[in-house]
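*Asks:* Fold the following, please.
(chains A and B)
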Amino acid sequence: MDNDVYSFALKTTLSEIRKVCPDVTNAFIFTKDKEIIARDKSTPEKTILRVIDAFDGILEKSDAIGGVKCITLEGGKGKVNVSCVNDLYLVTIASRKADLSYVNTVTHVLIPTVLKLLDKIRPAPLKSSSLTPKLEPKLTKVKEIEETAEEPAEETVEHEIKPESLLPEPPVIQFMVENLGGLLVPSDAVRIDSEALSQWKELYGDRKIKEVEIETFDGKATRCKVTPIKDSKYKGKGVIQMPKKIRLTLEIKKGELVRVKPIVE
Amino acid sequence: MVKKKKSVQEATAMAESRAVEDAMSVSKMRASLKEIKKFDGVIGYILRNSTSAAIDIKDSTKIMDYAVLSSSAFDAGEEFSELFDLGGIENIVIEGKDVKVLSLTINENNISIFMEKNADCNKILRKLREL
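*Replies:* Just a heads-up that it's a prediction; the model follows:
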């Protein structure tokens, strides 16, 4: 509920900023934990995820310059401004003719004021309610299914029920595609968050999960081997590392979202 | 046959003259960057193109971090340009709490200037635009 209030208030603030500064074409806010807090209607979630990904390298090494305060990017047709406001990153994309200092003045007054107000009215941790794909909510749903699946087994002891029929529906998790390359990387296997793998393992006990089924939002699907991601920086980030061959099969690029389902043996 | 030989010679001559021009442009750029490094608050620079790289940073322990930051800035610029149709990226400024980075591309050379947060970024930009 609190998160909804935050998200709604910030979303409204972004719309107001766009009204005050018509040259602003896109605006969105994400946290230092790369979670989307609010976005305007014209910016798809997929685009924001790619932006966050693009910032990763800068933010990772930002300690060397004392942490990022502001990033300004000037292009031939437009400008981008990223400001760090109260531990949030506010991104505004504006046309070439936009007066960035005016846009910044407006945003630097409005956003902190709204945040302060929200904190006074109802203090809550800043988290998006439903915007960023998260592993946990979907996996709890799966646990619920598991629990309901087990109930009839206890009631109908007399009937012979094969263990396969008690298996819960394979949970589908949404992941963001990351490139995977290198000489020793097999082209027929993807890497996913070890947390998701261990939770699947928990769900299916001794059954092995060696493969997954990946489906894009365009309906293209493939089945391939799966291993956990080794790099700790991707832990809990909802990322799937995919070699070029599989990306080409699925006609998908880095930053796009896919649905992944385990193949239980 | 003679015609073919002549066209090969012409192409070689053109390639050579272009290589000489490129080398001159890079050396001119390096000279300019050396001058910029003397500006108030400038910490150092990274100049990189497809064949060579020059790094001059006061604090050698920061070279790796600065190099990654610089290349990440150019990558982010490209991604942003593609996502939001921003056209060619003219410059990127990353302001940190202690240090500011100005990154831009001139004649296929990626340049990043590192400076203290109070240094005059526009003065450096003007100097680089003269190139």
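*Asks:* and the helix or strand hosting A:Val212, which strands flank it?
*Replies:* A:Val212 is part of strand A:209-216 when elements are defined by DSSP states H and E. Note on strand A:209-216: by DSSP bridges, its sheet partners are strand A:221-228 (antiparallel), strand A:257-264 (antiparallel).
*Asks:* Show me where the stretch 101-250 of chain A has its strands.
*Replies:* Secondary structure of the stretch 101-250 of chain A by DSSP state E, counting those that start in this stretch: the strands cover A:173-180, A:189-192, A:209-216, A:221-228, A:239-243.
*Asks:* picking that back up, now, of the strands paired with strand A:209-216, which is deepest in the fold?
*Replies:* strand A:257-264 (a mean of 19; mean count of other C-beta atoms under 10 Å in any protein chain shown). Bear in mind the C-beta positions are built from the backbone N, C-alpha and C, glycine included.
*Asks:* by how many degrees do that one and strand A:239-243 diverge?
*Replies:* Strand A:257-264 and strand A:239-243 meet at an angle of 80 degrees, taking axes from the mean of the first three to the mean of the last three C-alpha atoms, to 10 degrees as the criterion.
*Asks:* who's in contact with strand A:257-264?
*Replies:* For strand A:257-264, contacts defined as C-beta atoms under 8 Å, 6 or more residues apart in numbering or on different chains pick out A:46, A:49, A:133, A:167, A:170-177, A:192, A:196, A:200, A:204, A:207-217, A:223, A:226, A:240, A:250, A:252.
*Asks:* ok, now stretch A:240-251?
*Replies:* Here stretch A:240-251 makes contact (C-beta under 8 Å, 6+ apart) with A:175-181, A:185-193, A:214, A:216, A:218, A:220-222, A:224, A:229, A:234, A:252-254, A:258, A:260.
*Asks:* before we move on, back to that, would you turn the strands of the stretch 101-250 of chain A into CSV with mean pLDDT and distance to B:Leu47?
*Replies:* Formatted as CSV, the strands of the stretch 101-250 of chain A follow (pLDDT from 0 to 100; distance: least, C-beta to C-beta, whole Å):
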stretch, mean pLDDT, distance to B:Leu47
strand A:173-180, 86, 28
strand A:189-192, 91, 36
strand A:209-216, 89, 41
strand A:221-228, 90, 40
strand A:239-243, 89, 33
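*Asks:* if I pick A:Ser42, what's in contact with it?
*Replies:* A:Thr25, A:Asn26.
*Asks:* Correct me if wrong, but it is in a strand.
*Replies:* No - remark: A:Ser42 does not belong to a strand; assigned using DSSP: H, G, I helix; E, B strand; the rest coil, it is coil.
*Asks:* Chain neighbours aside, what residue packs nearest to A:Asp53?
*Replies:* In this structure, A:Asp53 finds its nearest non-sequential neighbour in A:Gly255, 5.3 Å apart by C-beta to C-beta, 6 or more residues apart in numbering or on different chains.
*Asks:* contacts for stretch B:28-41?
*Replies:* Applying C-beta under 8 Å, 6+ apart, the set of residues contacting stretch B:28-41 is B:42, B:44-45, B:47, B:54, B:56, B:106-107, B:109, B:111, B:113, B:115-116, B:118-120, B:123-124, B:127-128, B:130-131.
*Asks:* Drop anything exposed from those.
*Replies:* Neighbour counting over the contacts of stretch B:28-41 (16 or more other C-beta atoms under 10 Å in any protein chain shown) leaves B:42, B:44-45, B:47, B:54, B:56, B:109, B:111, B:113, B:115, B:119, B:124, B:128 as the buried ones.
*Asks:* For these, which two are the farthest from each other?
*Replies:* Greatest spacing in those, by C-beta to C-beta: B:Asn109 and B:Ala119 (21.2 Å).
*Asks:* would you list every one of the helices in the stretch 1-150 of chain A?
*Replies:* Taking DSSP state H, counting those that start in this stretch as the test, the helices found in the stretch 1-150 of chain A are A:2-20, A:45-60, A:100-121, A:135-155.
*Asks:* Drop anything exposed from the contacts of strand A:257-264.
*Replies:* Neighbour-count burial (16+ other C-beta under 10 Å) applied to the contacts of strand A:257-264 gives A:49, A:133, A:170-171, A:173-177, A:192, A:196, A:200, A:204, A:209, A:211-214, A:216, A:226, A:240, A:250, A:252.
*Asks:* Okay, now stretch B:42-58: how far is its last residue from its first?
*Replies:* 9 Å (C-alpha to C-alpha, to the nearest Å).
*Asks:* hey, what's A:Cys224 bridged with?
*Replies:* Beta-bridge pairing for A:Cys224 (DSSP bridges): A:Val212.
*Asks:* Roughly how far does it sit from A:Gly238?
*Replies:* For A:Cys224, the distance to A:Gly238 under the criterion C-beta to C-beta, to the nearest Å works out to 18 Å.
*Asks:* Would you map the helices across chain B?
*Replies:* Remark: helices assigned in chain B by DSSP state H are B:2-37, B:63-84, B:121-129.
*Asks:* Am I right that B:Asn110 is in contact with B:Ser103?
*Replies:* Yes - B:Asn110 is within contact range of B:Ser103, at 7.1 Å (criterion: C-beta atoms under 8 Å).
*Asks:* Would you mind listing the residues touching both of those two?
*Replies:* Among the neighbours of B:Asn110, those also in contact with B:Ser103 (C-beta under 8 Å, 6+ apart) are B:Ser70, B:Phe74.
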